[in-house]
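Student: Please work out how this folds:
(2 chains)
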Amino acid sequence: MSDNPFPLSLEDLMRAYRTMRTIRDFEERLHIEFAKGDIPGFVHLYAGEEAVATGVQMHLTDIDRIASTHRGHGHCIAKGVDVHEMMAEIYGKATGSCRGKGGSMHIADLSKGMMGANGILGAGAPLICGAALASKFRGDRGVGITYFGDGAANQGTVLESMNLAAAWDLPVVFVVENNGYAESTSVEFATGVDSYVDRASGFGMPGVTVDGMDFFAVYEAAGEIIRRARDGGGPALLECSVARFYGHFEGDAQTYKAKGENEYNRENRDCLKSFRKRVCDAGLATDRDFDQIDLEVARLIDDAVASAKAAPLPKPSELLTDVYVSY
Amino acid sequence: MTRKISYKTAINEALDQEMTRDPSVILLGEDIVGGAGAPGEADAWGGVLGVTKGLYAKHGDRLLDTPLSESAYVGAAIGAAACGMRPVAELMFIDFMGVCFDQIFNQAAKFRYMFGGKAKTPVVIRTMVGAGFRAAAQHSQMLTPIFTHIPGLKVICPSNAYDAKGLLIQSIRDDDPVIFCEHKNLYGSECAVPTESYTIPFGEANIVREGKDVTIVSYGLTVHRALDAAESLARKDRIEAEVIDLRTLSPIDWDTVMESVEKTGRLVVVDEAHPRCSLACDIAAYAAQHVFEALKAAPQMVTAPHTPTPFSPSLEDIYIPSADAIVAAVGKTIARVKAA
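Tutor: You can find the predicted model right below:
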């Protein structure tokens, strides 16, 4: 076996790959199942952006908290939310993460530090400031990560929260997943800055832009700013340039994209392909090792879909429960 | 021991006692300490009207002054609550709710339901309500019905110092998000309040005056107007009005209100909020639906008009429901009442 040129152990490398592959397969499978009409409502797929959630969250434990977005499946999986329960939730079943009462846009698992996907753009930023404040009071060294897209980057809640985190010196990392499109509207149209990282200096915090399709770039940049936040160094901004392989939501014809854009990104910017190649080229693992993980993940997703389809619907009485702790 | 203290002091005392009892209670808000980072004295204000004055000296950094960013700090209070703290956020005026409402009605109110019962959000948002302060249209609203409309929120509005203390302590200990509405024109009002800590359960209205002829239901400042009206009715018309102070608007004590209406057969609801889709409408409709046979006359509503709050004192004084207007409304339910 060759020397390991990466900042992760082989075990962690394979764990990172498994997480990214699980997210990809989860989303690819939802794309297929949604088209069949079995999934209620609407779903926003994270395929293409796996390196961000994984590269950031490899640095976290359950004490750390994340606030996610409407495109939240990847963040959930990388935070360790149970894939079977997630799939059942998306099918609206009683066995789901939220007992079928939240759906794709509200999957949460507070025990894992996952404070919820969120249907309101930019709403996670204030919440994660509170999570970080709680950690600061408890002295547990927990950090908070809030994700938002290039669209929500223009929400007042995000900008106010960046200011609050700086004023209170909170251990918060603001992660912009810049996939170039706010729904269908280009980032070029929606703001006057060339890069969202420019915003960081406006709030007196460090910021860095990385290629969000490169796991190692995300991992290294995130590691540094998460360590800094954990050690009391305050908030920071991480902008990740990514490509969204699907539309804003399933059913989006994506006519606003350039011709061949998705195909180009899949061919040339796929984080899974590049990860695999680099680890194989370094002689740390072989295609067979990765194929084995792919096979196991495919089985996991098959099983999750089958069990979600077979799971019971919530009882009608569930309509009225869990509005309050007591009322 | 009991002594007379003001509504404002009662709120301060409730916060102090809960902060002493429970280290997870923290306070956040604009100028709740005052003078943060400024060259003058620390604890300069203790809130814009001095409600939190003195707490910083006792509890230090558990009081957090905030930038003028209601979405950020109210949201942070909600996020901290979901992570095991018991934050009390002060939103200076309920009128500022417009700039942080998403965090309240889409986040705090819905976490428990959306997350399948696996979250609790024990946050209290203290906020000033009501007119009569010559503060004009953006610092004088009630807006209480906006919050009672939303499942997942509890809405409290005390009318006196005793209730303010007991209900605020209950709010802090409660595991659900609470909008705690403090009427700014009641801060100076005094009554007997125990020195020790106590709670008043939610969903229990208070019959503040017993009577057999008509039921007057209200909350907040207008409870006192209703009592004035009741005294006038007794003196001039020999009508005994029963006055009910709701105290908690969500949950609401339907039983006490409906039992009273069944007894008196007449209902007047007084609400300082605007008339459309108000607590007044809600209670009148509920009575019509549930105790229709007991009603001897159509339920009456006395509310602020469907207008913003005016500035000029001469206009504002006729904007707030008056005792005379309540007497007149009672007159519509009982023929023998003389015009006020």
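
Student: mind checking the SS state of residue A:142?
Tutor: Classification of residue A:142 using DSSP: H, G, I helix; E, B strand; the rest coil returns coil.

Student: tell me which element the closest residue to it other than its chain neighbours is part of?
Tutor: Counting by Cβ to Cβ, 6 or more residues apart in numbering or on different chains, residue A:142 lies nearest to residue A:135, which is 3.6 Å off, once chain neighbours are set aside. Yep, even glycine has a C-beta here, placed from its N, CA and C like the rest. According to DSSP states H and E, residue A:135 maps onto helix A:124-138.

Student: Could I get the average pLDDT for that helix?
Tutor: Averaging pLDDT along helix A:124-138 gives 98.

Student: Give the buried residues for it.
Tutor: A:124-137 (16 or more other Cβ atoms under 10 Å in any protein chain shown).

Student: Just list the residues touching the residue nearest to residue B:178 when sequence neighbours are not counted, thanks.
Tutor: Of all residues not flanking residue B:178 in the chain, residue B:171 sits nearest, at 4.2 Å (Cβ to Cβ, 6+ apart). Going by Cβ atoms under 8 Å, 6 or more residues apart in numbering or on different chains, residue B:171 touches B:124, B:154, B:156, B:178, B:180.

Student: what lines up beside the helix or strand containing the last one in the sheet?
Tutor: Read that as residue B:180. Element membership for residue B:180, per DSSP H and E: strand B:178-183. According to DSSP bridges, strand B:178-183 forms sheet pairs with strand B:124-129 (parallel), strand B:154-156 (parallel).

Student: For it, what is the distance to the chain centroid?
Tutor: Relative to its chain's centre, strand B:178-183 lies at 4 Å (Cα atoms, centre = their mean, to the nearest Å).

Student: cool, and stretch A:159-176?
Tutor: 19 Å.

Student: low-scoring stretches of the stretch 1-150 of chain B, by residue?
Tutor: Under the criterion pLDDT under 70, no range of the stretch 1-150 of chain B is flagged.

Student: Helices along that one, start to end?
Tutor: B:7-21, B:55-59, B:70-82, B:101-102, B:111-114, B:144-148 (DSSP state H, counting those that start in this stretch).

Student: Single out the most deeply packed of those.
Tutor: Comparing these by mean neighbour count (mean count of other Cβ atoms under 10 Å in any protein chain shown), helix B:70-82 comes out on top with a mean of 30.

Student: Look up how far chain A lies from residue B:277.
Tutor: 20 Å (Cβ to the nearest Cβ, to the nearest Å).

Student: Verify the stated contact: that residue with residue B:149.
Tutor: Yes. The pair residue B:277 / residue B:149 is scored as a contact, 7.5 Å apart, by Cβ atoms under 8 Å.

Student: re earlier: are any of the contacts of residue B:171 buried, and which?
Tutor: Buried among those (16+ other Cβ under 10 Å): B:124, B:154, B:156, B:178, B:180.

Student: ok, of the contacts of residue B:171, which one's closest to chain A?
Tutor: Closest approach to chain A among the contacts of residue B:171 (Cβ to the nearest Cβ): residue B:154, at 7.5 Å.

Student: bridging residues for that closest one?
Tutor: residue B:178.

Student: Show me which residues of the stretch 101-250 of chain B are close to chain A?
Tutor: Residues of the stretch 101-250 of chain B lying close to chain A (Cβ under 8 Å from any Cβ of the partner chain) are B:102-103, B:106-107, B:111-120, B:151-152, B:154, B:174-176, B:203.

Student: And the strands in the stretch 101-250 of chain B?
Tutor: For the stretch 101-250 of chain B, the strands defined by DSSP state E, counting those that start in this stretch cover B:124-129, B:154-156, B:178-183, B:190-194, B:206-209, B:214-218, B:241-245, B:248-250.

Student: Highest mean neighbour count out of those?
Tutor: strand B:214-218 (a mean of 30).

Student: Pairing partners for that strand, with directions?
Tutor: Sheet pairing for strand B:214-218, using DSSP bridges, gives strand B:241-245 (parallel), strand B:267-271 (parallel).

Student: what distance separates the lengthiest strand in chain B from the centre of its chain?
Tutor: In chain B, with assignment by DSSP state E, the single longest strand is strand B:86-93. Here the centre of mass of C-alpha atoms in strand B:86-93, compared against the chain's by Cα atoms, centre = their mean, lies 14 Å away.

Student: Which strands or helices does it pack on?
Tutor: strand B:25-29, helix B:70-82, strand B:124-129, helix B:161-173 (3 or more Cβ pairs under 8 Å, 6 or more residues apart in numbering or on different chains; DSSP states H and E).

Student: and it with helix B:161-173, angle?
Tutor: 130 degrees (axes from the mean of the first three to the mean of the last three Cα atoms, to 10 degrees).

Student: Note down every partner strand of strand B:86-93 and its orientation.
Tutor: strand B:25-29 (parallel), strand B:124-129 (parallel).

Student: now the longest one against helix B:70-82, angle please.
Tutor: Compare the direction of strand B:124-129 with that of helix B:70-82 by the same axes, to 10 degrees and you get 140 degrees.
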